[in-house]
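Engineer: Turn this into a structure:
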Amino acid sequence: MNRTSLVLACAFAFLASVPAARGATHVSSNTNCPSSDAISLKLVGLLSAGGPESASVRVRAESNQDGQTIFIEVSTPGEETHQRMLPATGDCESRAEAAALIIAAWLDAMPAANLAAPGVPPRARKAAPAGDDAADLDDEEESEPLLKGLHALLGGSLFGLADRHGADSGLALDATFLLGALGLSLNTSLALPRTVAVGQGTANYWRPIVELAAMAQLHDAKWSLHIQAGPALALFLVQGTGFNPNRSDYSFELGGNAGLRAMMPWKTRTVWIGCDGILWLQGLEVESSVAGSSDLKHTPLPGWELRLTLGLSWRAL
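Structural biologist: Prediction:
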């Protein structure tokens, strides 16, 4: 073999080894800066074979009012998932290197020359602001991503609804419990009073509603999308006006609800948008008698409603 052939053989061998330079640890990223390939290549220089095959890393970049933040999650079988966030500063290569250093430290295999004591990397701190900005700093210090374990969100929402009697609006209180991709929500809502004509007068009615829904995650990114469904229970209150005499009554209604909810973490809070519908099973109606006659007047009540909700919740657990 002559010298030219030997050089070409070495070059082909080098090129063939490049794809194998990716780390054994699976890395995923929702951004190209840093990309999953760039982080994997950096891990090869820090860990043997680029890390253990059983480990998985998820990197995601999110934009906020202070710029862009990178969230890193490292999962290994039988151990608690590690989570960390760092500001997205520098170019893509420096971001990939910073992410790789954090991942290697958590995998407890960092070379001593690079990091003397593997563990949670130090958090970069901003200079302490003065005046009214000091309160905002406290919020930023608490803006860690939510853990994958059980956590609870408590908050409220404003909703608009539409049914056979037109449109209305109201307020609701919401409690959501999430465990991984599954969850449970408990919602109590009350719309503004409605009015419907019945015979010679009108009926004013209210419908406080309690909903319990099981949740399942369909998509996980900056906005996580959940499908939800479950039972609904309403206390139906009605009061007559313009009758002689006016009377009041109440009844219970049972129904079912189903819909979608999109959620986005924001510091220690979560902003969410819901779109759902409720189907009532009994088919209630308001009944009135006509003076001097045995005839009864009936007005059916809405048996369904559609809702669009905007909510804000705080992490309670």
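
Engineer: And S36, how far from A96?
Structural biologist: With the distance defined as CB to CB, to the nearest Å, S36 ends up 9 Å from A96. Using the backbone N, CA and C atoms, a C-beta is placed for each residue, glycine as well.

Engineer: Partner strands of the helix or strand R307 falls within, with direction?
Structural biologist: Per DSSP states H and E, R307 falls inside strand 304-315. If you go by DSSP bridges, strand 304-315 pairs up with strand 151-163 (antiparallel), strand 269-280 (antiparallel).

Engineer: For it, which outside residues touch it?
Structural biologist: 146, 151-164, 172, 174, 176, 259, 268-280 (CB atoms under 8 Å, 6 or more residues apart in numbering).

Engineer: hang on, the earlier thing: closest to A191 out of the strands paired with strand 304-315?
Structural biologist: strand 151-163 (6.1 Å; CB to CB).

Engineer: Mind listing residues that contact that closest one?
Structural biologist: Contacts for strand 151-163 (CB under 8 Å, 6+ apart): 167-178, 189, 191, 269-270, 272, 274, 302, 304-317.

Engineer: contacting residues for H226?
Structural biologist: Residues in contact with H226 (CB under 8 Å, 6+ apart) are G183, M215, A216, Q217, L218, L260, R261, A262, M263.

Engineer: Redo those as JSON lines? Include secondary structure.
Structural biologist: As requested, these are arranged in JSON lines below (DSSP: H, G, I helix; E, B strand; the rest coil):
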{"residue": "G183", "secondary structure": "strand"}
{"residue": "M215", "secondary structure": "strand"}
{"residue": "A216", "secondary structure": "strand"}
{"residue": "Q217", "secondary structure": "strand"}
{"residue": "L218", "secondary structure": "strand"}
{"residue": "L260", "secondary structure": "strand"}
{"residue": "R261", "secondary structure": "strand"}
{"residue": "A262", "secondary structure": "strand"}
{"residue": "M263", "secondary structure": "strand"}
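
Engineer: for the strands paired with strand 304-315, which one sits closest to S29?
Structural biologist: Nearest of the strands paired with strand 304-315 to S29, taken as CB to CB: strand 269-280 at 23.0 Å.

Engineer: and that closest one, average pLDDT?
Structural biologist: In this model, strand 269-280 has a mean pLDDT of 95.

Engineer: Spell out which residues make up each domain of this structure.
Structural biologist: The chain breaks down by automatic domain parsing into domains covering 19-141, 151-315.

Engineer: which stretch in the ones you listed has the least confidence?
Structural biologist: Note on the domains of the chain: lowest mean pLDDT is at domain 19-141, with a mean of 66.

Engineer: Next, work out how far apart the residue positioned nearest the centre of the chain and H82 are.
Structural biologist: The C-alpha lying nearest the average C-alpha coordinate of the chain belongs to M263 (CA atoms, centre = their mean; 3.1 Å). Distance of M263 to H82, given as CB to CB: 23 Å.

Engineer: which parts of whichever strand or helix holds Q239 are buried?
Structural biologist: Taking DSSP H and E as the definition, one finds Q239 inside strand 224-241. Buried residues in strand 224-241, counted by 16 or more other CB atoms under 10 Å: S224, H226, Q228, G230, A232, A234, F236, V238, G240.

Engineer: Which residues does the nearest residue to W266 once chain neighbours are set aside form beta bridges with?
Structural biologist: Once flanking residues are discounted, W266 sits nearest to N64: 7.5 Å by CB to CB, 6 or more residues apart in numbering. Residues in a beta bridge with N64, per DSSP bridges, are G67.
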